[in-house]
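Trainee: 3D, please:
(one chain, ligands or ions: 1)
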Amino acid sequence: MYALLAAFAKWLEGTWWGTGARTTLWAYPFIQLIHFSGISLWLGTNVAVDLRLLGLGKNRQTAAQLSEDLFAWNWTAFCIVVLGGFLLFSATATTFITNPAFRIKLGILVPTALVWHIIVQRKARVWGRTADTPAVAKLAGLLELLLWLSVVTAAVEIPNY
Ligand code: HEM
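Mentor: Model prediction:
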């Protein structure tokens, strides 16, 4: 399994986009800009709904309305995050796959947080119909906030290894 991943990483580094991201002076910072801009919008839209589930902004939209209104922005942002992340990864993929922080981030935390996000987003349609949200919605929103916080914590540790 690891041999397959290592072979894929080596192949990625040799692609035109992997080589370009690694060797062109401005490319890596520019791709970081793409990744970070996507993250801002992705986390921003997630946090807005999570805080609404926690009970903030009761006098404005319901959590269900807010989640619905932000849906397209939310998933457009995720595509930008993945595109940027994939290109950053392609630059030095063989190094990233040995990086413990990167492995925890992408192997455990991102999949867990993503599955939880999809569950919360679907459930928000039910939990978020009224101004007051049930206790389970508050707990779910809080858990999602903590999961994304752990993703960011692992991500900022990547350069330290
Ligand atoms: C989905 C939510 C994601 C979040 C919140 C996130 C967050 C971050 C953050 C905050 C950094 C900056 C770390 C730093 O330099 O201090 C980063 C870097 C990075 N991310 Fe993500 N990321 C996400 C998804 C992904 C995905 C899906 C991939 C791969 C396909 C990826 C690959 C990378 C890579 C390779 C770096 C560069 C690390 C470096 O150059 O040192 N990320 N990410």
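Trainee: Could you check how many residues crowd around Arg22?
Mentor: Arg22 is flanked by 14 other residues according to other Cβ atoms under 10 Å. (Glycine included, C-beta is placed from N, CA and C.)
Trainee: I figured it was touching Thr15, is that so?
Mentor: No. The criterion here is Cβ atoms under 8 Å, and Arg22 misses it with Thr15 at 10.5 Å.
Trainee: tell me which parts of the protein are close to the ligand?
Mentor: 35, 39, 81-82, 85-86, 88-89, 96, 106, 110, 151-152, 155-156, 158-159 (Cβ under 6 Å from any ligand atom).
Trainee: Counting only helices, which of these make the cut?
Mentor: 35, 39, 81-82, 85-86, 88-89, 96, 110, 151-152, 155-156 (DSSP state H).
Trainee: Of the residues you listed, which count as buried by neighbour count?
Mentor: Buried subset of those (neighbour count, 16 or more other Cβ atoms under 10 Å): 35, 39, 81, 85-86, 88-89, 96, 110, 151, 155.
Trainee: Just the closest residue of the chain to the ligand, please.
Mentor: Gly85 (2.4 Å; Cβ to the nearest ligand atom).
Trainee: Chain neighbours aside, what residue packs nearest to that residue?
Mentor: Nearest residue to Gly85 in three dimensions, chain neighbours excluded: His35, at 5.5 Å (Cβ to Cβ, 6 or more residues apart in numbering).
Trainee: swap in Trp73?
Mentor: Closest residue in space to Trp73, ignoring its immediate chain neighbours: Thr45 at 5.4 Å, by Cβ to Cβ, 6+ apart.
Trainee: thought the one you found was touching Thr76?
Mentor: No. Shown here, Thr45 and Thr76 do not form a contact pair, counting by Cβ under 8 Å, at 9.5 Å.
Trainee: Comparing the two, which shows the higher neighbour count?
Mentor: Per other Cβ under 10 Å, whichever of Thr45 and Thr76 has more neighbours is Thr45, with 22 against 14.
Trainee: Per-residue pLDDT of Arg129, please?
Mentor: pLDDT recorded at Arg129 is 87.
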